[in-house]
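# With the sequence up front, the predicted model follows.
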Amino acid sequence: MRLLRHLPRFRAARAALAVMEERERWVRSDIEAFQLERLNQVWAHARSHIPYYRQLAQAHRLPDRFVSLAEYVHRMPMLDKHVVRAQPGALLSEEARPGTWHRTGGSTGVPMRVYWSYEAHRASLRVRYRTLDQWDLDTFDRTAFLWGHSGSIAPGWAGVKQRLRRPVEDWLRNRLRLSAYRLGPADLDEHLARLARFAPTSLYGYSSAVGLLATRAHERGIRLPSLRVALLTAEPADAATRTAVAEAFGCDAAVEYGSVECGNIAASDRAGALRVREDAVFLETHADADGHEEILVTVLTNPSFPLLRYRIGDVAEGPMARAEQGFAVLPGVRGRQNDILVSRSGRLVHPLAVKHALEHHPAVRRFRAHQDCDGALTVAVEMAPDEPLPEATVCATLTEMLGGYPVRIERTERLEGNRAGKHRWVISDLAATRERSAPTAS
(Lines give C-alpha, C1' and ligand atoms only; values in the text may rest on other atoms or scores of the structure.)
Protein backbone atom coordinates (compact mmCIF):
# COMPACT_ATOMS: atom_id res chain seq x y z
CA MET A 1 0.00 0.00 0.00
CA ARG A 2 2.98 2.28 0.52
CA LEU A 3 3.74 1.94 -3.20
CA LEU A 4 0.30 3.24 -4.19
CA ARG A 5 1.05 6.73 -2.90
CA HIS A 6 3.76 7.01 -5.58
CA LEU A 7 1.35 6.45 -8.47
CA PRO A 8 0.86 9.56 -10.67
CA ARG A 9 -2.77 9.87 -9.55
CA PHE A 10 -1.85 10.23 -5.88
CA ARG A 11 1.25 12.33 -6.47
CA ALA A 12 -0.93 14.78 -8.41
CA ALA A 13 -3.51 14.74 -5.60
CA ARG A 14 -0.92 15.63 -2.97
CA ALA A 15 0.40 18.46 -5.13
CA ALA A 16 -3.15 19.78 -5.57
CA LEU A 17 -3.77 20.05 -1.82
CA ALA A 18 -1.46 23.04 -1.40
CA VAL A 19 -3.20 24.83 -4.28
CA MET A 20 -6.62 24.07 -2.78
CA GLU A 21 -5.52 25.38 0.61
CA GLU A 22 -4.30 28.62 -0.97
CA ARG A 23 -7.64 29.15 -2.74
CA GLU A 24 -9.45 28.93 0.59
CA ARG A 25 -7.78 32.23 1.55
CA TRP A 26 -8.73 34.09 -1.63
CA VAL A 27 -10.73 37.30 -1.47
CA ARG A 28 -14.25 37.27 -2.85
CA SER A 29 -13.36 38.99 -6.16
CA ASP A 30 -10.70 36.35 -6.92
CA ILE A 31 -13.09 33.49 -6.07
CA GLU A 32 -15.80 34.85 -8.35
CA ALA A 33 -13.35 35.56 -11.19
CA PHE A 34 -12.14 31.95 -10.95
CA GLN A 35 -15.71 30.60 -10.91
CA LEU A 36 -16.74 32.72 -13.89
CA GLU A 37 -13.77 31.53 -15.94
CA ARG A 38 -14.44 27.87 -15.09
CA LEU A 39 -18.16 28.34 -15.76
CA ASN A 40 -17.55 29.85 -19.19
CA GLN A 41 -15.21 26.98 -20.09
CA VAL A 42 -17.90 24.45 -19.15
CA TRP A 43 -20.58 26.49 -20.96
CA ALA A 44 -18.52 26.80 -24.17
CA HIS A 45 -18.17 23.03 -24.27
CA ALA A 46 -21.81 22.42 -23.34
CA ARG A 47 -23.38 24.65 -25.99
CA SER A 48 -21.12 23.17 -28.68
CA HIS A 49 -21.11 19.46 -27.83
CA ILE A 50 -24.19 18.64 -25.73
CA PRO A 51 -27.63 18.30 -27.39
CA TYR A 52 -29.64 19.50 -24.40
CA TYR A 53 -27.63 22.70 -23.98
CA ARG A 54 -27.50 23.42 -27.71
CA GLN A 55 -31.29 23.47 -27.74
CA LEU A 56 -31.41 25.47 -24.49
CA ALA A 57 -29.00 28.10 -25.82
CA GLN A 58 -31.11 28.54 -28.95
CA ALA A 59 -34.47 28.55 -27.16
CA HIS A 60 -33.39 31.15 -24.56
CA ARG A 61 -30.91 33.07 -26.72
CA LEU A 62 -28.16 32.47 -24.22
CA PRO A 63 -24.81 34.21 -24.83
CA ASP A 64 -21.63 32.50 -25.97
CA ARG A 65 -20.01 33.76 -22.79
CA PHE A 66 -21.44 35.19 -19.56
CA VAL A 67 -19.96 38.54 -18.50
CA SER A 68 -20.74 37.95 -14.80
CA LEU A 69 -22.11 35.37 -12.41
CA ALA A 70 -25.11 37.64 -11.92
CA GLU A 71 -25.89 37.41 -15.64
CA TYR A 72 -25.56 33.64 -15.50
CA VAL A 73 -28.01 33.42 -12.55
CA HIS A 74 -30.44 35.77 -14.29
CA ARG A 75 -30.43 34.09 -17.70
CA MET A 76 -29.63 30.39 -17.27
CA PRO A 77 -32.78 28.32 -16.55
CA MET A 78 -32.77 25.93 -13.61
CA LEU A 79 -32.17 22.26 -14.38
CA ASP A 80 -34.75 19.95 -12.80
CA LYS A 81 -33.87 16.50 -11.53
CA HIS A 82 -36.53 14.86 -13.71
CA VAL A 83 -34.75 16.12 -16.85
CA VAL A 84 -31.53 14.40 -15.80
CA ARG A 85 -33.43 11.24 -14.95
CA ALA A 86 -35.47 11.15 -18.17
CA GLN A 87 -32.74 11.94 -20.72
CA PRO A 88 -29.22 11.42 -19.34
CA GLY A 89 -27.91 10.77 -22.85
CA ALA A 90 -28.92 14.28 -23.93
CA LEU A 91 -26.65 15.71 -21.22
CA LEU A 92 -23.61 13.65 -22.23
CA SER A 93 -20.99 15.40 -24.30
CA GLU A 94 -20.39 14.17 -27.83
CA GLU A 95 -16.70 14.55 -26.95
CA ALA A 96 -16.88 13.14 -23.42
CA ARG A 97 -13.61 12.39 -21.70
CA PRO A 98 -13.04 8.74 -20.65
CA GLY A 99 -15.11 7.87 -17.61
CA THR A 100 -18.01 5.79 -16.31
CA TRP A 101 -21.74 6.00 -15.67
CA HIS A 102 -22.91 6.02 -12.06
CA ARG A 103 -26.37 5.18 -10.79
CA THR A 104 -27.95 6.77 -7.76
CA GLY A 105 -31.24 6.74 -5.91
CA GLY A 106 -30.27 10.02 -4.28
CA SER A 107 -32.39 11.76 -1.68
CA THR A 108 -35.66 11.43 -3.56
CA GLY A 109 -35.88 7.69 -4.11
CA VAL A 110 -35.49 8.31 -7.85
CA PRO A 111 -32.65 6.36 -9.46
CA MET A 112 -30.66 8.32 -12.04
CA ARG A 113 -27.73 7.65 -14.32
CA VAL A 114 -24.98 10.28 -14.39
CA TYR A 115 -21.59 10.33 -16.09
CA TRP A 116 -18.30 11.30 -14.51
CA SER A 117 -15.05 11.50 -16.41
CA TYR A 118 -12.19 9.89 -14.53
CA GLU A 119 -10.45 13.26 -14.38
CA ALA A 120 -13.49 15.00 -12.87
CA HIS A 121 -14.09 12.19 -10.40
CA ARG A 122 -10.51 12.44 -9.16
CA ALA A 123 -10.94 16.21 -8.75
CA SER A 124 -14.00 15.59 -6.60
CA LEU A 125 -12.16 13.06 -4.44
CA ARG A 126 -9.48 15.67 -3.75
CA VAL A 127 -12.09 17.69 -1.86
CA ARG A 128 -12.28 14.82 0.64
CA TYR A 129 -8.50 14.53 0.72
CA ARG A 130 -8.30 18.24 1.51
CA THR A 131 -10.81 17.80 4.34
CA LEU A 132 -8.56 15.14 5.89
CA ASP A 133 -5.53 17.30 5.22
CA GLN A 134 -6.92 19.90 7.65
CA TRP A 135 -6.33 17.34 10.42
CA ASP A 136 -2.85 16.54 9.02
CA LEU A 137 -4.14 13.21 7.72
CA ASP A 138 -3.14 11.51 4.49
CA THR A 139 -5.48 9.52 2.27
CA PHE A 140 -3.43 6.39 3.06
CA ASP A 141 -3.63 6.81 6.83
CA ARG A 142 -5.78 4.21 8.54
CA THR A 143 -9.43 4.96 7.76
CA ALA A 144 -12.58 3.15 8.87
CA PHE A 145 -15.77 3.23 6.78
CA LEU A 146 -19.20 2.62 8.32
CA TRP A 147 -20.90 2.20 5.00
CA GLY A 148 -23.06 0.15 2.66
CA HIS A 149 -21.75 -2.00 -0.14
CA SER A 150 -24.15 -1.63 -3.03
CA GLY A 151 -21.86 -3.25 -5.58
CA SER A 152 -21.53 -6.45 -3.59
CA ILE A 153 -25.29 -7.08 -3.66
CA ALA A 154 -25.57 -6.40 -7.38
CA PRO A 155 -27.06 -9.33 -9.31
CA GLY A 156 -24.95 -11.72 -11.34
CA TRP A 157 -21.28 -11.49 -12.25
CA ALA A 158 -21.14 -7.76 -11.42
CA GLY A 159 -21.84 -8.53 -7.76
CA VAL A 160 -19.33 -11.39 -7.70
CA LYS A 161 -16.58 -9.11 -9.05
CA GLN A 162 -17.35 -6.44 -6.45
CA ARG A 163 -17.30 -8.97 -3.60
CA LEU A 164 -13.87 -10.14 -4.74
CA ARG A 165 -12.51 -6.68 -5.50
CA ARG A 166 -13.68 -4.73 -2.45
CA PRO A 167 -11.50 -6.36 0.25
CA VAL A 168 -8.42 -6.11 -1.95
CA GLU A 169 -9.01 -2.41 -2.57
CA ASP A 170 -9.63 -1.80 1.13
CA TRP A 171 -6.37 -3.55 2.04
CA LEU A 172 -4.42 -1.54 -0.52
CA ARG A 173 -5.95 1.72 0.70
CA ASN A 174 -5.46 0.91 4.41
CA ARG A 175 -9.22 0.88 5.06
CA LEU A 176 -11.44 -1.02 7.46
CA ARG A 177 -15.00 -1.40 6.19
CA LEU A 178 -17.84 -1.92 8.66
CA SER A 179 -21.34 -2.74 7.44
CA ALA A 180 -24.08 -0.16 7.96
CA TYR A 181 -26.57 -2.93 7.19
CA ARG A 182 -25.80 -4.37 10.65
CA LEU A 183 -26.45 -1.86 13.44
CA GLY A 184 -27.88 -3.91 16.31
CA PRO A 185 -26.24 -3.79 19.78
CA ALA A 186 -24.13 -6.90 19.12
CA ASP A 187 -23.14 -5.56 15.70
CA LEU A 188 -22.12 -2.19 17.15
CA ASP A 189 -20.08 -3.96 19.84
CA GLU A 190 -18.30 -5.94 17.12
CA HIS A 191 -17.71 -2.75 15.10
CA LEU A 192 -16.21 -1.04 18.17
CA ALA A 193 -13.94 -4.00 18.88
CA ARG A 194 -12.67 -4.04 15.31
CA LEU A 195 -12.11 -0.28 15.41
CA ALA A 196 -10.10 -0.62 18.62
CA ARG A 197 -7.88 -3.26 17.01
CA PHE A 198 -7.47 -1.35 13.73
CA ALA A 199 -6.80 2.03 15.42
CA PRO A 200 -7.94 4.30 12.56
CA THR A 201 -7.12 7.99 12.42
CA SER A 202 -10.45 8.83 10.77
CA LEU A 203 -13.95 7.39 10.65
CA TYR A 204 -16.15 8.01 7.60
CA GLY A 205 -19.79 7.00 7.54
CA TYR A 206 -23.50 7.66 7.26
CA SER A 207 -24.46 10.27 9.83
CA SER A 208 -27.18 8.17 11.49
CA ALA A 209 -25.00 5.05 11.59
CA VAL A 210 -22.04 6.88 13.15
CA GLY A 211 -24.48 8.43 15.62
CA LEU A 212 -25.70 4.99 16.70
CA LEU A 213 -22.12 3.77 17.02
CA ALA A 214 -21.22 6.79 19.15
CA THR A 215 -24.23 6.21 21.43
CA ARG A 216 -23.16 2.60 21.95
CA ALA A 217 -19.56 3.65 22.63
CA HIS A 218 -20.78 6.14 25.23
CA GLU A 219 -22.99 3.53 26.91
CA ARG A 220 -20.07 1.13 27.20
CA GLY A 221 -17.45 3.72 28.04
CA ILE A 222 -15.37 2.90 24.97
CA ARG A 223 -12.99 5.52 23.58
CA LEU A 224 -11.02 5.41 20.35
CA PRO A 225 -7.88 7.42 21.11
CA SER A 226 -6.42 6.98 17.63
CA LEU A 227 -9.30 8.92 16.02
CA ARG A 228 -8.69 12.53 15.05
CA VAL A 229 -11.88 13.15 13.08
CA ALA A 230 -15.21 11.49 12.31
CA LEU A 231 -16.66 12.53 8.94
CA LEU A 232 -20.48 12.39 8.84
CA THR A 233 -21.98 12.21 5.37
CA ALA A 234 -24.89 11.11 3.14
CA GLU A 235 -27.51 12.40 5.63
CA PRO A 236 -28.10 15.51 7.74
CA ALA A 237 -26.04 15.72 10.92
CA ASP A 238 -27.44 18.23 13.39
CA ALA A 239 -25.47 19.88 16.18
CA ALA A 240 -26.64 17.31 18.74
CA THR A 241 -25.38 14.42 16.62
CA ARG A 242 -22.03 16.09 16.00
CA THR A 243 -21.61 16.83 19.70
CA ALA A 244 -22.52 13.26 20.68
CA VAL A 245 -20.02 11.80 18.22
CA ALA A 246 -17.24 14.17 19.29
CA GLU A 247 -17.81 13.49 23.00
CA ALA A 248 -18.12 9.71 22.60
CA PHE A 249 -14.99 9.28 20.52
CA GLY A 250 -12.94 12.17 21.87
CA CYS A 251 -12.29 13.59 18.40
CA ASP A 252 -13.60 16.29 16.08
CA ALA A 253 -16.85 15.59 14.23
CA ALA A 254 -17.02 17.07 10.74
CA VAL A 255 -19.75 17.10 8.09
CA GLU A 256 -19.40 16.37 4.40
CA TYR A 257 -22.12 17.43 1.93
CA GLY A 258 -22.30 16.06 -1.58
CA SER A 259 -24.10 13.76 -3.98
CA VAL A 260 -23.30 11.19 -6.64
CA GLU A 261 -24.26 13.56 -9.45
CA CYS A 262 -22.53 16.69 -8.08
CA GLY A 263 -19.59 15.17 -6.22
CA ASN A 264 -18.24 16.65 -3.01
CA ILE A 265 -19.81 20.09 -2.50
CA ALA A 266 -18.92 21.26 1.01
CA ALA A 267 -17.21 20.10 4.18
CA SER A 268 -16.56 21.31 7.70
CA ASP A 269 -13.40 23.27 8.41
CA ARG A 270 -11.48 23.00 11.69
CA ALA A 271 -13.72 25.66 13.22
CA GLY A 272 -16.86 23.67 12.34
CA ALA A 273 -18.14 25.91 9.52
CA LEU A 274 -19.61 24.07 6.51
CA ARG A 275 -17.46 25.56 3.76
CA VAL A 276 -18.61 25.33 0.15
CA ARG A 277 -15.85 24.14 -2.17
CA GLU A 278 -16.22 27.15 -4.45
CA ASP A 279 -13.38 26.10 -6.76
CA ALA A 280 -15.38 22.96 -7.63
CA VAL A 281 -18.97 24.23 -7.63
CA PHE A 282 -20.92 27.44 -7.96
CA LEU A 283 -23.64 27.20 -5.33
CA GLU A 284 -26.82 29.23 -4.91
CA THR A 285 -29.43 29.24 -2.18
CA HIS A 286 -32.72 30.34 -3.71
CA ALA A 287 -35.85 31.14 -1.71
CA ASP A 288 -38.73 29.12 -3.20
CA ALA A 289 -42.47 29.86 -3.04
CA ASP A 290 -42.73 28.21 0.40
CA GLY A 291 -39.87 30.25 1.83
CA HIS A 292 -37.38 27.36 1.83
CA GLU A 293 -33.79 28.04 0.78
CA GLU A 294 -33.50 25.63 -2.14
CA ILE A 295 -29.95 24.65 -3.12
CA LEU A 296 -28.86 25.00 -6.76
CA VAL A 297 -25.54 23.50 -7.85
CA THR A 298 -23.41 24.25 -10.90
CA VAL A 299 -20.60 21.72 -11.20
CA LEU A 300 -17.43 23.38 -12.52
CA THR A 301 -15.28 20.28 -12.99
CA ASN A 302 -17.22 17.82 -15.18
CA PRO A 303 -17.84 19.30 -18.68
CA SER A 304 -18.51 15.81 -20.04
CA PHE A 305 -21.85 15.83 -18.16
CA PRO A 306 -22.49 19.40 -17.00
CA LEU A 307 -25.13 20.19 -14.42
CA LEU A 308 -25.88 23.91 -14.57
CA ARG A 309 -28.12 25.49 -11.92
CA TYR A 310 -29.17 21.98 -10.96
CA ARG A 311 -32.00 21.59 -8.43
CA ILE A 312 -30.41 18.93 -6.26
CA GLY A 313 -33.50 18.49 -4.08
CA ASP A 314 -32.06 19.70 -0.76
CA VAL A 315 -32.73 22.87 1.17
CA ALA A 316 -30.35 24.89 3.33
CA GLU A 317 -31.21 25.90 6.87
CA GLY A 318 -30.74 29.53 5.79
CA PRO A 319 -29.14 31.62 3.04
CA MET A 320 -25.54 30.90 2.14
CA ALA A 321 -23.12 33.46 3.63
CA ARG A 322 -20.38 34.91 1.44
CA ALA A 323 -17.61 36.83 3.20
CA GLU A 324 -15.04 39.20 1.70
CA GLN A 325 -12.39 36.53 2.17
CA GLY A 326 -12.61 32.76 2.16
CA PHE A 327 -15.11 30.27 0.78
CA ALA A 328 -18.84 30.68 1.42
CA VAL A 329 -20.52 29.01 4.40
CA LEU A 330 -23.74 26.99 4.42
CA PRO A 331 -25.61 27.18 7.74
CA GLY A 332 -26.63 23.54 7.32
CA VAL A 333 -28.49 21.27 4.93
CA ARG A 334 -31.84 19.55 5.38
CA GLY A 335 -32.86 16.54 3.34
CA ARG A 336 -32.48 12.79 3.01
CA GLN A 337 -34.29 12.12 6.27
CA ASN A 338 -35.21 8.45 6.42
CA ASP A 339 -36.01 5.90 9.10
CA ILE A 340 -33.76 3.12 10.31
CA LEU A 341 -35.35 -0.29 9.63
CA VAL A 342 -35.67 -2.99 12.29
CA SER A 343 -34.96 -6.67 11.65
CA ARG A 344 -36.77 -9.59 13.26
CA SER A 345 -33.94 -10.02 15.79
CA GLY A 346 -34.04 -6.31 16.69
CA ARG A 347 -30.96 -5.49 14.64
CA LEU A 348 -31.12 -2.03 13.06
CA VAL A 349 -30.60 -1.77 9.30
CA HIS A 350 -29.66 1.46 7.55
CA PRO A 351 -32.36 2.75 5.12
CA LEU A 352 -29.88 2.84 2.24
CA ALA A 353 -30.12 -0.96 2.20
CA VAL A 354 -33.41 -0.55 0.29
CA LYS A 355 -31.85 1.79 -2.25
CA HIS A 356 -28.88 -0.52 -2.73
CA ALA A 357 -31.12 -3.52 -3.36
CA LEU A 358 -33.03 -1.63 -6.06
CA GLU A 359 -30.53 0.67 -7.74
CA HIS A 360 -29.04 -1.96 -10.05
CA HIS A 361 -32.35 -2.50 -11.85
CA PRO A 362 -33.25 -0.09 -14.71
CA ALA A 363 -36.92 -0.95 -14.24
CA VAL A 364 -37.07 1.15 -11.05
CA ARG A 365 -37.91 4.80 -11.68
CA ARG A 366 -38.86 5.76 -8.14
CA PHE A 367 -39.56 3.89 -4.91
CA ARG A 368 -40.88 4.31 -1.40
CA ALA A 369 -40.56 1.71 1.36
CA HIS A 370 -42.81 1.37 4.41
CA GLN A 371 -42.21 -1.02 7.31
CA ASP A 372 -45.34 -1.86 9.31
CA CYS A 373 -45.46 -2.31 13.07
CA ASP A 374 -45.32 -6.09 12.54
CA GLY A 375 -42.02 -5.75 10.65
CA ALA A 376 -43.29 -6.46 7.13
CA LEU A 377 -41.81 -4.21 4.44
CA THR A 378 -43.79 -2.96 1.45
CA VAL A 379 -41.80 -1.33 -1.34
CA ALA A 380 -43.90 0.72 -3.75
CA VAL A 381 -42.08 0.94 -7.08
CA GLU A 382 -42.80 3.22 -10.01
CA MET A 383 -41.78 1.10 -13.00
CA ALA A 384 -40.28 1.94 -16.37
CA PRO A 385 -42.41 0.46 -19.17
CA ASP A 386 -41.26 -2.83 -20.68
CA GLU A 387 -38.41 -3.25 -18.18
CA PRO A 388 -38.28 -6.46 -16.10
CA LEU A 389 -37.76 -6.39 -12.36
CA PRO A 390 -36.62 -9.61 -10.63
CA GLU A 391 -38.97 -9.18 -7.69
CA ALA A 392 -38.06 -12.49 -6.07
CA THR A 393 -34.36 -11.58 -6.01
CA VAL A 394 -34.98 -8.10 -4.57
CA CYS A 395 -37.36 -9.45 -1.93
CA ALA A 396 -34.94 -12.23 -0.95
CA THR A 397 -32.09 -9.73 -0.51
CA LEU A 398 -34.15 -7.45 1.72
CA THR A 399 -35.74 -10.32 3.64
CA GLU A 400 -32.28 -11.61 4.51
CA MET A 401 -31.20 -8.15 5.74
CA LEU A 402 -34.39 -7.91 7.84
CA GLY A 403 -33.83 -11.28 9.48
CA GLY A 404 -36.80 -12.99 7.85
CA TYR A 405 -39.45 -10.27 7.87
CA PRO A 406 -41.57 -10.55 4.71
CA VAL A 407 -40.98 -8.09 1.87
CA ARG A 408 -43.51 -7.27 -0.83
CA ILE A 409 -43.07 -5.27 -4.05
CA GLU A 410 -46.07 -3.13 -4.96
CA ARG A 411 -46.02 -1.84 -8.53
CA THR A 412 -47.55 1.54 -9.28
CA GLU A 413 -47.78 3.79 -12.31
CA ARG A 414 -46.70 6.90 -10.46
CA LEU A 415 -45.32 7.91 -7.08
CA GLU A 416 -45.62 11.54 -6.16
CA GLY A 417 -42.44 13.27 -5.03
CA ASN A 418 -42.08 15.56 -2.04
CA ARG A 419 -40.90 19.15 -1.87
CA ALA A 420 -37.18 19.79 -1.81
CA GLY A 421 -35.50 18.67 1.37
CA LYS A 422 -38.65 17.02 2.75
CA HIS A 423 -38.62 13.63 1.02
CA ARG A 424 -38.71 10.47 3.11
CA TRP A 425 -38.47 7.34 1.00
CA VAL A 426 -37.99 4.85 3.85
CA ILE A 427 -40.49 4.96 6.73
CA SER A 428 -40.57 2.48 9.61
CA ASP A 429 -43.58 2.33 11.92
CA LEU A 430 -41.79 -0.43 13.84
CA ALA A 431 -38.78 1.84 14.55
CA ALA A 432 -41.11 4.63 15.69
CA THR A 433 -42.99 2.22 17.99
CA ARG A 434 -39.73 0.98 19.53
CA GLU A 435 -38.54 4.55 20.07
CA ARG A 436 -41.78 5.57 21.82
CA SER A 437 -41.68 2.49 24.08
CA ALA A 438 -38.00 2.87 25.00
CA PRO A 439 -37.45 3.87 28.66
CA THR A 440 -36.49 7.48 29.21
CA ALA A 441 -33.69 8.61 31.46
CA SER A 442 -34.77 10.16 34.73
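Cool, the structure landed.
# Flag the shaky bits of the stretch 201-350 of the chain, pLDDT-wise.
335-337 (pLDDT under 70).
# What residues sit buried inside the helix or strand T378 falls within?
If you go by DSSP states H and E, T378 is part of strand 377-383. Across strand 377-383, burial judged by 16 or more other C-beta atoms under 10 Å covers L377, V379, A380, V381, E382, M383. Quick note: C-beta positions are derived from backbone N, CA and C, even for glycine.
# ok, these vs H45, which is closest?
Closest approach to H45 among the buried residues of strand 377-383 (C-beta to C-beta): E382, at 33.5 Å.
# For the closest one, which residues are in contact?
E382 makes contact with V364, R365, R366, F367, T412, E413, R414, L415, according to C-beta atoms under 8 Å, 6 or more residues apart in numbering.
# thought the fifth one was touching V381?
Yes - A contact is recorded between T412 and V381 when judged using C-beta atoms under 8 Å, the distance being 6.9 Å.
# Would you mind giving the contacts of E382 as a markdown table with distance to L125, neighbour count and secondary structure added?
A markdown table is the format used below for the contacts of E382 (distance: C-beta to C-beta, whole Å; neighbours: other C-beta atoms under 10 Å; DSSP: H, G, I helix; E, B strand; the rest coil):
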| residue | distance to L125 | neighbour count | secondary structure |
| --- | --- | --- | --- |
| V364 | 28 | 25 | strand |
| R365 | 29 | 19 | strand |
| R366 | 29 | 22 | strand |
| F367 | 29 | 26 | strand |
| T412 | 37 | 12 | strand |
| E413 | 39 | 7 | coil |
| R414 | 37 | 9 | coil |
| L415 | 33 | 16 | coil |
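# hmm, back to that, what's the following helix or strand after the strand holding T378?
Moving toward the C-terminus from strand 377-383, the next element (DSSP H and E) is helix 391-401.
# Looking at the chain, which helix is longest?
helix 28-49 (DSSP state H).
# Out of the buried residues of strand 377-383, which comes closest to L330?
Checking the buried residues of strand 377-383 one by one against L330 (C-beta to C-beta), the nearest turns out to be E382, at 31.2 Å.
# Kindly provide the distance from the closest one to W147.
27 Å (C-beta to C-beta, to the nearest Å).
# before we move on, what about A158?
Taken as C-beta to C-beta, the span from A158 to W147 is 19 Å.
# Same question for A321.
31 Å.
# Of the two, give the one with the bigger neighbour count.
Neighbours per residue (other C-beta atoms under 10 Å) separate A321 from W147, with W147 holding more: 20 against 12.
# I'd say the more buried one and V210 touch.
No - with contacts counted by C-beta under 8 Å, W147 stays clear of V210, the gap being 10.2 Å.
# Enumerate every residue touching the closest residue to L227 other than its chain neighbours.
Once flanking residues are discounted, L227 sits nearest to C251: 4.1 Å by C-beta to C-beta, 6 or more residues apart in numbering. By C-beta under 8 Å, 6+ apart, C251 lies in contact with L224, L227, R228, V229, A230.
# Likewise for P388?
A363.
# ok, so what distance separates it from A180?
29 Å.
# what's the answer for E278, then?
31 Å.
# Pick out whichever of the two has more residues nearby.
Using other C-beta under 10 Å as the criterion, E278 and A180 rank with A180 on top: 29 against 23.
# how far away is the residue nearest to L227 from S226?
Counting by C-beta to C-beta - C251 and S226 are separated by 9 Å.
# Also R47?
In terms of C-beta to C-beta, R47 sits 51 Å off from S226.
# L132: which element?
helix 118-133.
# And the average pLDDT for that helix is what?
Averaged across helix 118-133, pLDDT comes to 94.
# Buried ones in it, by neighbour count?
Buried residues in helix 118-133 (16+ other C-beta under 10 Å): 120-124, 126-133.
# what element comes up after it heading to the C-terminus?
strand 143-147.
# helices or strands up against that following strand?
strand 175-179, helix 185-198, strand 202-206, helix 207-220 (3 or more C-beta pairs under 8 Å, 6 or more residues apart in numbering; DSSP states H and E).
# buried ones in the third one?
Taking 16+ other C-beta under 10 Å as the neighbour-count basis, strand 202-206 is seen to contain the buried residues S202, L203, Y204, G205, Y206.
# Report the inter-axis angle for that strand versus strand 175-179.
Orientation check (axes from the mean of the first three to the mean of the last three C-alpha atoms, to 10 degrees): strand 202-206 against strand 175-179 gives 30 degrees.
# I'd guessed E278 sits against F327; true?
Yes - the pair E278 / F327 is scored as a contact, 4.8 Å apart, by C-beta under 8 Å.
# Quick one, grab the pLDDT at the nearest residue to I222 once chain neighbours are set aside.
Nearest non-adjacent residue to I222, counting by C-beta to C-beta, 6+ apart: L192, 5.3 Å away. pLDDT, L192: 97.
# and L192, how many residues sit next to it?
L192 - counted by other C-beta under 10 Å - has 19 other residues nearby.
# E219 is in contact with that one, correct?
No - L192 is beyond contact range of E219, at 10.5 Å (criterion: C-beta under 8 Å).
# Any idea how many residues pack against R344?
12.
# Likewise for the one 10 residues further on?
The criterion is other C-beta under 10 Å. On that basis, V354 has 27 neighbouring residues.
# Contacts only, for it.
L341, F367, A369, L377, V379, L398, W425, V426.
# Mind doing that once more with 6 Å?
A369, V426 (C-beta atoms under 6 Å, 6 or more residues apart in numbering).
# and it, backbone torsions?
Here is the backbone geometry of V354 (degrees, to the nearest 10): phi -70, psi -50.
# and it, how far is that from H360?
13 Å.
# Same question for Q87.
The value you get for Q87 to H360, if C-beta to C-beta is used, is 21 Å.
# do the same with D269
36 Å.
# S428: how many residues sit nearby?
Neighbour tally, S428, other C-beta under 10 Å: 24.
# now swap in E324 and tell me
7.
# follow-up on the earlier one: now tabulate the buried residues of strand 202-206 in a markdown table and tack on distance to Y115.
Shown next, in a markdown table, are the buried residues of strand 202-206 (distance: C-beta to C-beta, whole Å):
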| residue | distance to Y115 |
| --- | --- |
| S202 | 29 |
| L203 | 31 |
| Y204 | 25 |
| G205 | 27 |
| Y206 | 25 |
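# Can you tell me which of those is nearest G263?
The closest of these, once distances to G263 are taken by C-beta to C-beta, is Y204, at 15.6 Å.
# wait, what's in contact with the closest residue to that closest one other than its chain neighbours?
Of all residues not flanking Y204 in the chain, L231 sits nearest, at 4.6 Å (C-beta to C-beta, 6+ apart). L231 sits next to Y204, A254, E256 when contact means C-beta under 6 Å, 6+ apart.
# Can you tell me which of the residues you listed lies closest to L56?
Scanning those for proximity to L56, where the rule is C-beta to C-beta, the winner is E256, at 31.3 Å.
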